[in-house]
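# Just a sequence and a predicted model for now, questions to come.
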Amino acid sequence: MKKQEKSPEEFKGLAEKYKERLQKEMEGKLESFPDSGYSREYQIFRKESLPKHLSLYEKLCNFSEKLLHLKLKPETAEKIQRNIEVCHLQITPAGASAFAIIFPVLFLLAGALIAFLTESMFLVLFFLLSGFALMFFANKLPEFFANTWRMKTSNQMVLSIFYIVTYMRHTSNLENAIAFASEHLAPPLSLDFKKILWNVETGAFDSVKSSLDEYLNKWRKWNKEFVESFHLIESSLYESSEDRRLGMLDKALDVILEQTYERMLHYAQDLKGPITALHMLGIILPILGLVILPLVVSFMEGVKWWHLAILYNIALPVLVYLFGKNVLSKRPTGYGDVDITEVDPSLKKFKYIIIKIGRKELLINPAILCVFIGGVIFLIGLVPLIIHLLYPFFDVTLPFGFQLLGYKASSTNPDIIIGPFGLGATLFSFFFPLAFAFGVGLYFKLSSKNVFKIREEARKLEDEFASALFQLGNRLGDGLPAEIAFKKVADVMPESKAGAFFKIVTSNISKFGMGVRDAIFNPKTGAILAFPSKMINSTMKVLIQSIKKGPLIAAQAILNVARYIKEIHKVNERLKDLMADVISDMKNQIRFLTPVIAGIVIGITTMITFILGRLGSSISNLGTMEIGTQIGNIAGMFGDGVPPYFFQIVVGLYVFQIIFILTILSTGIEHGADKLLERYNLGKNLIRSTVLYVIIAVFITITFNLIAARIVEVTAVMG
């Protein structure tokens, strides 16, 4: 009798039946994960997680591809495609290349129009050089974005291996472990892990292992220790002995920790040269160049203050930023923190100014307050220009013969009034860097202070948590139920953050009759709400699931997690020691050297400008003597120069910009991609360093101008 063959539909139904049965029987799957579909929302998650600048770039590239159709060489297209895939951008290599042509050309056309209207050869050269530089940079944008993405991702790799190893010690299931890690990591690595699962669900790969191996191939060139650790994790799936399987998982974490330290050691050794070059390029040469600039300007007609602004406030900051980003992109894997508001959206309210009115909370966007404060200070800085606009011939003589405004007729064209050259106007100009410092710096400070404080509280708990877990594991190992074990540890550590955490758990259990899970994760009273740490969150989930298998298994799981946390913390502290010298130099530049050097330069510059401005008028009083006429002719060679009012604005804004850039770079080098700490440091450094610059510059300016006035007075008497 011929055997009846089953139809494909029957096979599919049979497969689904056994799949459902396996899922029901599979032990150790965390209840927080649904049975399927945890990666089906990848597209929505991608849109939410993708930074705004990448979303804009994605739209511009797709728009450019519609306007300009390009056919690229296969090797070029393949290289661009690899960078596109790293950033999860939904564009084509042709679209990226079209953008790199269209928008620089539009920039060149706009620049040519501006240069034509202003009849400035300087602008012609600037826009021409900038256009070609922009075309080169636009071509490199996919690579630049990919390197930035890799740096942010690398900063989470140690933590990702920790999560996966922690989960797989409990349940040897690679798919669930990757899902577990993706739930506890922040973007961008969480997005990568969700993409691995999404590729399987959409049929791009037939197994998680195949999808994972394809993802790891992208990192083989950039981060071998991450790839090796994952291969060890994969190998643990095939070990028949439980001891060998656990040993393989432990080895996976050890590999990434040890090799991370070695790579960071080499990075720290190679970093001194680039940081010295950055210091010279961004601080020493530009600021010292300002000392001789007044003399150069005085002997060169046609040089305006906005020429200096284009050079010092646009070209130089961009060069320093790109150079610094290139140094930062080579940073190896680290163990960094994330903005906890990205992990827990309920904490986003702490980015606002919170005013309590009874039981209600009024949330005020700090941007509104900061724009108001910055705007008022900015308007004060405009006072000399406003007075001159309303009353063109108004001026006031200050003590020692100084002028409030100091407008005068141009030496080359008496019909043109130039200025302000007065000491009073120069002092008013210091309100411009203060406006940016308090406007921008105060915004970063107010929007990050509360969130940073919460994260620091959670970090203190993390620092103590390993010791607390050892005690908890020992209590569980003695056979005590988890409810009692939590109380024992809370009693032993009453004054610590970890003790406070366990005390809340104990209180929820005893007062509200909650189980351990609800006592920790209840959305209203759970202990985890007061300590928003993903590491603690994941550890407690592993504990809860391990308890189901008995206290001894739970004790072993917790003790191993505690050991992992200790190892990660130890390596992280060693990494900080490696970077201490370099970071110390950069912090000194930010806090002291840059403001002081720039402040002294401004004082010298205003003195030179004052002397040169008075020289011609003083010499003209020498009479008709032959020597006086010759000196008068020499004085006539001087141009009008740049008013100290505008000169100081250019330098003050450059100090603000360079402090901004150096703060970003120093934070990135020391801590990796940590946006919350970056904003917190910007809030401190921008205000403190700019205020220091203003204090020193005002003091030096007044002192040196008094000296200059005395010199001019003595010269006039001798004449």
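It's in. Numbers count the residues shown, from 1 in each chain.
# if I pick I91, what's in contact with it?
E58, C61, N62, E65, I84 (C-beta atoms under 8 Å, 6 or more residues apart in numbering). (Glycine included, C-beta is placed from N, CA and C.)
# I'd guess it is in a helix, am I close?
No - under DSSP: H, G, I helix; E, B strand; the rest coil, I91 falls outside any helix and is assigned coil.
# Can you give me the domain assignment for the protein?
What automatic domain parsing lists as the domains of the chain is 45-152, 286-348+369-431+570-718, 454-566.
# For F226, find the nearest of those.
Across the domains of the chain, F226 has its closest neighbour in domain 286-348+369-431+570-718 (6.7 Å, C-beta to C-beta).
# Show me the shaky parts of this protein.
1-51, 291, 294-302, 332-345, 613-640, 714-719 (pLDDT under 70).
# for the longest helix seen in it, packing partners?
Among the segments of the chain that qualify as a helix by DSSP state H, the longest is helix 675-718. Counting contacts by 3 or more C-beta pairs under 8 Å, 6 or more residues apart in numbering; DSSP states H and E, helix 675-718 is packed against helix 423-429, helix 431-436, helix 442-477, helix 594-619, helix 644-671.
# Could you identify which of the contacts of I91 has the most neighbours?
C61 (26 neighbours; other C-beta atoms under 10 Å).
# Can you name the residues that contact that residue?
By C-beta under 8 Å, 6+ apart, the neighbours of C61 are L89, I91, T92, G95, A96, A98, F99.
# did I read that right, G641 in a helix?
No - using three-state DSSP, the assignment for G641 is coil, not a helix.
# could I have stretch 375-391 exported to CSV, CA atoms only?
Extracted in CSV, the C-alpha atoms of stretch 375-391 (Å, rounded to 0.1, in the frame of the first residue of the first chain):
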residue,chain,number,x,y,z
GLY,A,375,18.8,87.2,25.3
VAL,A,376,18.9,89.9,28.0
ILE,A,377,22.7,89.6,28.4
PHE,A,378,23.1,89.7,24.6
LEU,A,379,21.1,92.9,24.4
ILE,A,380,23.3,94.5,27.0
GLY,A,381,26.3,93.7,24.8
LEU,A,382,24.5,95.5,21.9
VAL,A,383,24.2,98.8,23.8
PRO,A,384,27.1,100.6,22.1
LEU,A,385,25.7,99.7,18.6
ILE,A,386,22.1,100.7,19.7
ILE,A,387,23.3,104.1,21.1
HIS,A,388,25.3,104.8,17.9
LEU,A,389,22.3,103.9,15.8
LEU,A,390,19.9,106.1,17.7
TYR,A,391,22.3,109.0,18.4
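# Give me the buried positions along that stretch.
I377, F378, G381, V383, P384, I387, H388 (16 or more other C-beta atoms under 10 Å).
# What of stretch 210-229?
211-213, 215-216, 218-219, 222-223, 225-229.
# Could you tell me the end-to-end distance of that stretch?
Stretch 210-229 stretches 16 Å from its first residue to its last (C-alpha to C-alpha, to the nearest Å).
# on that earlier part again, return the closest of the contacts of C61 with respect to A555.
L89 (46.4 Å).
# ok, the closest one touching L54?
Yes - between L89 and L54 there is a contact at 6.4 Å, judged by C-beta atoms under 8 Å.
# what touches both of the two?
F145.
# Comparing these two, which residue is more hemmed in?
L89 (23 against 17).
# List phi and psi for the more buried one.
Phi and psi for L89, reported as degrees, to the nearest 10, are phi -80, psi 140.
# so how far is stretch 249-264 off the chain centroid?
26 Å (C-alpha atoms, centre = their mean, to the nearest Å).
# circling back to that earlier point, mind telling me the two of the contacts of C61 farthest from one another?
Using C-beta to C-beta, the two most remote members of the contacts of C61 are L89 and A98, lying 14.2 Å apart.
# Tell me which stretches of the stretch 251-400 of the chain form helices.
285-299, 305-310, 316-329, 340-343, 366-381, 383-390 (DSSP state H, counting those that start in this stretch).
# Then the stretch 51-200 of the chain?
Using DSSP H, counting those that start in this stretch, helices in the stretch 51-200 of the chain cover 52-67, 74-86, 93-118, 121-154, 157-170, 174-184, 189-201.
# Save these as CSV, and put in distance to T539 too.
Putting the helices of the stretch 51-200 of the chain into CSV (distance: least, C-beta to C-beta, whole Å) gives the following:
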stretch, distance to T539
helix 52-67, 32
helix 74-86, 30
helix 93-118, 42
helix 121-154, 23
helix 157-170, 7
helix 174-184, 10
helix 189-201, 18
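# Fine by me, we can end here.
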